[in-house]
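Visitor: Give the three-dimensional model of this entry:
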Amino acid sequence: MEIRPLHDRVFVKRLEESESKVGSIIIPDSAKEKPQQANVICVGSGKLLESGERASMDVKAGDRILFGKYSGAEIKVGGEEYLILREDEILAVLE
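Guide: Have a look, this model is predicted:
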């Protein structure tokens, strides 16, 4: 299945955080916070403006981004978890 986000939406895959241990405390996976960084898989065509033109997207496929903790909608495709979020929910592009 191929996914193509619409308008100003961005299709991303969360980056897995490396496991860090402090002393001998082990935190179970269910208690860990989800990472707030992701790789952009594909982007929509841009937001439709009142003039009928499309605004260009500031992110592109392959960018590494930072987004808010409660941003986007989580979906599962082919057994893997992805996230679809609006471009304005993206906080920064990591370079």
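
Visitor: Now the residue nearest the centre of the chain. Nearest residue, chain neighbours left out?
Guide: What sits nearest the mean C-alpha location of the chain, by CA atoms, centre = their mean, is residue 12, with 3.9 Å. Leaving aside its chain neighbours, residue 12 sits nearest to residue 38 (3.8 Å; criterion: CB to CB, 6 or more residues apart in numbering). Using the backbone N, CA and C atoms, a C-beta is placed for each residue, glycine as well.

Visitor: A helix includes that neighbour, no?
Guide: No - assessed with DSSP: H, G, I helix; E, B strand; the rest coil, residue 38 is strand; it does not lie in a helix.

Visitor: Report pLDDT for it.
Guide: pLDDT, residue 38: 92.

Visitor: next one: the one 3 residues further on
Guide: Note for residue 41: predicted pLDDT of 93.

Visitor: ok, now the one 10 residues further on?
Guide: The per-residue pLDDT reported for residue 51 equals 91.

Visitor: Check the gap between it and residue 37 for me.
Guide: The gap separating residue 51 from residue 37 is 34 Å, by CB to CB, to the nearest Å.

Visitor: same check, this time on residue 76
Guide: Per CB to CB, residue 76 is found 20 Å from residue 37.

Visitor: Likewise for residue 74?
Guide: 15 Å.

Visitor: These two: who's more crowded?
Guide: residue 37 (15 against 11; other CB atoms under 10 Å).

Visitor: Okay, and the beta partners of the more buried one?
Guide: Taking DSSP bridges as the rule, residue 37 bridges to residue 66.

Visitor: what sits against it?
Guide: Taking CB atoms under 8 Å, 6 or more residues apart in numbering as the contact definition, residue 37 lies against 14-15, 64-67, 94.
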